[in-house]
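S.K.: 3D model of this:
(one chain, ligands or ions: 2)
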Amino acid sequence: MSFAFTHEQQPAINSLARLIRLVAFAGTGKRPMTISTYVQKGGTAKTTNCVNLAIYLGFMGLKVLIIDNDPQSDATEMLGYYPDLTPEELEDLGIPADRGVDGSLGNVLGIRGLFAPKSLDEIIKKPFGEYGPHLIPSEEQLEELEIGINASQNHDYRYATLISKGLKGEFPGVDLRSYDVIIFDNAPTASLMTRNSLVACDLIVCPIRMDKFSSRALARLGDRLRASHEEYGRTPAVAAIPTMFIKNRPRAMEHLAKLEDVFPGCVTESKLYMSEDYSKALELGLPILTWKGASDNSAGAMRSVYSEILDRLIALS
Ligand SMILES: Nc1ncnc2c1ncn2[C@@H]1O[C@H](COP(=O)(O)OP(=O)(O)OP(=O)(O)O)[C@@H](O)[C@H]1O
Ligand SMILES: [Mg+2]
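M.R.: Ligands and ions are numbered 1, 2, ... in the order given. Predicted coordinates for the structure are as follows:
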């Protein structure tokens with residue numbers, strides 16, 4: 001008797017194998033994972049990927065917490081909240097009060113003086129209900145966290161401490177024990193806030209555009225990872241996603257080859273393509289993966305990329 005599978009059977013076998021690994025990951029024995037979306041360059045689709053990856057992992061049955069670590073609050077807005085509106089303004093505009101923001105990471109982190117202490121329950125948002133991804137939102141005041149962290153002790157480890165203690169239920173007011181994956185969305189800067197999220201993470205997701213500026217962003221990321229290894233004795237894994245990719249462009253292929261040189265084994269095989277779907281979904285106020293008008297070129301490509309990222313998470317856990 002032979003155990004070889006036919007070519008036709010292989011995709012189903014691969015899916016089954018992934019499912020088994022996923023069940024193992026979501027099971028109690030596996031360690032929760034922390035991801036950071038990061039590239040020190042604006043507009044490369046970090047927020048788009050943070051939000052949609054969280055939704056994808058939610059579809060896969062994992063409990064996900066998004067932490068909006070960017071005072072621009074784009075992830076918070078992409079998920080339907082209004083960080084700039086006061087309760088009165090929300091009421092005047094006829095927007096439900098729970099679409100406002102009542103606090104951010106600054107309030108739960110225990111930074112005295114700058115932020116009123118709040119528990120996770122007081123600030124958390126559940127844009128898709130209890131069983132979809134949850135969100136620690138951001139608001140403009142989050143900018144001050146940079147000052148607060150700078151003035152505190154162990155300032156590179158504030159987030160790492162929050163997460164490691166929160167995952168054991170040992171951080172006052174912040175119980176993270178129900179989460180399988182925590183994803184930070186970062187600003188395109190090398191701030192202390194960003195550095196904290198990189199120190200705390202297992203995997204950095206870097207969406208990279210195939211243009212001439214990407215080389216500089218890549219060099220900076222390489223430096224950052226080397227520094228992280230020297231300073232903290234550990235280096236997070238990297239998943240680099242070619243994004244806004246335009247097929248059959250020789251230049252794009254050259255940049256892709258460079259990306260594979262700089263991060264061997266880290267570049268996802270699937271790519272995210274340039275598509276108008278992104279701006280259309282944004283206008284409708286929907287993340288791409290929840291928009292029924294999304295095409296193979298956008299949501300379809302995302303599913304392929306994120307299934308590779310899920311495999312990496314499973315391998316790392
Ligand atoms: N594959 C794509 N094709 C076309 N447009 C895209 C694609 N991916 C993202 N976009 C659009 O690019 C813009 C920037 O995306 P996004 O806000 O996710 O970038 P970012 O890296 O988070 O930016 P920032 O550095 O300001 O935080 C958005 O308008 C988004 O809809
Ligand atoms: Mg962003």
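
S.K.: Relative to ligand 2, how far out is residue 303?
M.R.: Separation of residue 303 from ligand 2 (Cβ to the ion, to the nearest Å) stands at 21 Å. In this view, the C-beta of every residue, glycine as well, is placed from N, C-alpha and C.

S.K.: for residue 78, same thing?
M.R.: Distance from residue 78 to ligand 2, by Cβ to the ion: 9 Å.

S.K.: can you pull the pLDDT of the residue nearest to the spatial centre of the chain?
M.R.: What sits nearest the mean C-alpha location of the chain, by Cα atoms, centre = their mean, is residue 50, with 3.3 Å. We have a pLDDT of 98 for residue 50.

S.K.: Remind me which helix or strand it belongs to.
M.R.: If you go by DSSP states H and E, residue 50 is part of helix 46-59.

S.K.: Not counting its neighbours along the chain, what's nearest residue 79?
M.R.: Take residue 79 and drop its neighbours on the chain: the residue closest to it by Cβ to Cβ, 6 or more residues apart in numbering is residue 127, 4.3 Å away.

S.K.: Is it correct that the one you found is in contact with residue 99?
M.R.: No: using Cβ atoms under 8 Å, residue 127 makes no contact with residue 99, being 9.5 Å away.

S.K.: Same drill for these two, tell me which one is more crowded.
M.R.: residue 127 (21 against 16; other Cβ atoms under 10 Å).

S.K.: what number of residues lie near residue 153?
M.R.: 6.

S.K.: and the helix holding residue 50, what other elements does it pack with?
M.R.: Where contact means 3 or more Cβ pairs under 8 Å, 6 or more residues apart in numbering; DSSP states H and E, helix 46-59 is packed against strand 33-37, strand 64-69, helix 74-78, strand 181-186, strand 203-209, helix 301-316.

S.K.: Now do the longest one and strand 33-37, the angle between them.
M.R.: Helix 301-316 runs at 140 degrees relative to strand 33-37, counting by axes from the mean of the first three to the mean of the last three Cα atoms, to 10 degrees.

S.K.: what secondary structure does the residue nearest to residue 263 when sequence neighbours are not counted sit in?
M.R.: Once flanking residues are discounted, residue 263 sits nearest to residue 240: 5.0 Å by Cβ to Cβ, 6+ apart. With DSSP: H, G, I helix; E, B strand; the rest coil as the basis, residue 240 sits in strand.

S.K.: so who does residue 240 touch?
M.R.: By Cβ atoms under 8 Å, 6 or more residues apart in numbering, the contact list for residue 240 reads 206, 208, 259, 263, 266-268.

S.K.: Just to check, the residue nearest to the centre of the chain is in contact with residue 66?
M.R.: Yes: counting by Cβ under 8 Å, residue 50 does reach residue 66; the two are 6.4 Å apart.

S.K.: shared neighbours of the two, anything?
M.R.: Shared contacts of residue 50 and residue 66 (Cβ under 8 Å, 6+ apart): 75, 183-185.

S.K.: If we only consider those, which is nearest to ligand 2?
M.R.: Nearest to ligand 2 among the shared contacts of residue 50 and residue 66: residue 185, at 6.0 Å, using Cβ to the ion.

S.K.: and the closest residue to ligand 1 within the stretch 201-317 of the chain, what element?
M.R.: Nearest residue of the stretch 201-317 of the chain to ligand 1 (Cβ to the nearest ligand atom) works out as residue 278 at 3.6 Å. Applying DSSP H and E as the criterion places residue 278 in helix 277-284.
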